[in-house]
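Student: Predicted model and sequence follow; I will ask about them next.
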Amino acid sequence: MPPRRSNAEHAYVVTYDISDARRWRRVFRLMQGYGRWLQLSIFHCRLDGGRRVEMASQLEDIIDTTADHVLILDLGPAEEVELAVESLGKPFAPIERRAIVI
């Protein structure tokens, strides 16, 4: 499916599996500028089409396409999506933005 380029914001879940610690840190820092950190390698983002294309392009510049994997899940128009998280195991609490040392 071609990347979205509309002005309407969509809600996305971005998750990644990066095989190298240095690239993982670069992806993590990049994603902090695009969305809300939910869990180790999972972000919730509200992006218009241009920002979504920009994010994907920057991710492609960082990852090793033979070893790493990024999933961008489009949940639909942001104004129609209310993020609901079902958590199994230890309690889920969204992570507040703070400085992180990795």
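Tutor: Nice, thanks for sending it over.

Student: List the contacts of the residue sitting nearest the centre point of the chain.
Tutor: In the chain, the residue lying closest to the centroid (Cα atoms, centre = their mean) is Val14, at 3.1 Å. Taking Cβ atoms under 8 Å, 6 or more residues apart in numbering, we find Val14 in contact with 31, 34-35, 42-43, 45, 55, 70-73. From N, CA and C alone the C-beta is placed, and that goes for glycine too.

Student: the strands in this structure, which residues?
Tutor: Applying DSSP state E to the chain gives strands spanning 10-17, 35-39, 42-47, 69-77.

Student: Please spell out the segments of this structure that come in under the pLDDT threshold.
Tutor: 1-6, 92-102 (pLDDT under 70).

Student: same thing but 80
Tutor: The chain contains residues with pLDDT under 80 at 1-7, 81-87, 90-102.

Student: neighbours around Pro88, how many?
Tutor: Wrong residue type there; residue 88 is Leu, not Pro. 5 (other Cβ atoms under 10 Å).
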